[in-house]
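>>> One predicted model, sequence on top.
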Amino acid sequence: MLKLYIGNKNYSSWSMRPWVLLRQAGIPFEEVMIRFDSFADDGRSTFKNTLKTLTPTGKVPLLADDGLAVWDTLAIAEYVAEQFPDKVLWPRAKAARARARSICAEMHAGFTALRSNFPMNIEASLPEVGALIWRDKPAVRAEVARLVTMWQTLLDEHGGPLLFGEFTIADAYFAPICMRLHCYALPLPAGIAAYVERVRALPGVRQWIDDAIAEKDFLDFEEPYRLSAKPAAR
């Protein structure tokens, strides 16, 4: 059976992508959660020390399959798609597959202002933080505008409810961004806000959200904007 190593569900956006992909696609796997304690590579981090026995990067996510270690979310997604072709994890049409790979690669390498200013924090509700950053960071506004254009174009072309009609790797890949948009209450057009809620309602995503809320593990180095955890408004 596949084994997926992940970090805290409340914080680990990279871990969320392959976990949601596997769960939503109905692919059996064993979950191994390694709690974040520090990202410092100083020999004292249990998180780093554990992962370095498994992968040279010392990072999550990591997929293990019968002695083979696959790291990096895109590599994991491609490996799973090849191993389970019956799940049709990329769109069926050649042009749509190329488009889906392109937007996943764009997310993988880009949207740095959005990701750095809005760390994923599923259990929190931070509209005040979101409003301040939205006001002060034009790069964030530009990246959200790019997301809106990208998503709306795909939803219009494929008729929804998801980016390529049915669930694909692309929806799993953008699920953590949906979490950020919700947590920080960023302004979105109605059609895009509806897509965000559809992603949040997917059974695989909903399970990740429920697990993240149940963790109740406040890590101050992950939350420069809060002194302690408090119940989120749901």
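Nice, I can see it.

>>> where does the protein dip in pLDDT?
Across the chain, the stretches falling below the confidence threshold (pLDDT under 70) are 38-43, 221, 227-228, 230-234.

>>> Need the contact partners of the longest helix along it.
Across the chain, the longest stretch assigned as helix under DSSP state H is helix 138-158. With contact meaning Cβ atoms under 8 Å, 6 or more residues apart in numbering, helix 138-158 is reached by 96, 99, 103, 106, 110-111, 113-114, 117-118, 133-134, 163-165, 174, 177, 181, 186, 188-189, 191-192, 195. C-beta coordinates here come from the backbone N, C-alpha and C atoms, glycine included.

>>> Report the next helix or strand after that helix in sequence order.
Per DSSP states H and E, helix 138-158 leads on to helix 169-183 as the next helix or strand towards the C-terminus.

>>> List the buried residues for that next one?
169-183 (16 or more other Cβ atoms under 10 Å).

>>> Which of the contacts of helix 138-158 fall within strands?
Using DSSP state E to define strands, no part of those is located there.

>>> List buried members of these by neighbour count.
Neighbour counting over the contacts of helix 138-158 (16+ other Cβ under 10 Å) leaves 96, 99, 103, 111, 113-114, 117-118, 133-134, 163-165, 174, 177, 181, 186, 188, 192, 195 as the buried ones.

>>> Which ones among those map onto helices?
Judged by DSSP H, the subset of the buried ones among the contacts of helix 138-158 located in helices is 96, 99, 103, 113-114, 117, 133-134, 174, 177, 181, 192, 195.

>>> Domain map for the protein?
The record assigns the chain these domain ranges, following automatic domain parsing: 2-87, 94-222.

>>> TSV please, covering the ones you listed and showing distance to residue 229.
Formatted as TSV, the entries for the domains of the chain read as follows, by distance: least, Cβ to Cβ, whole Å:
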stretch	distance to residue 229
domain 2-87	9
domain 94-222	4
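
>>> how about the spatially most central residue of the chain, what does it touch?
Note on the chain: the residue nearest the mean C-alpha position is residue 176, at 3.1 Å, using Cα atoms, centre = their mean. Going by Cβ under 8 Å, 6+ apart, residue 176 touches 13-14, 16-17, 120.
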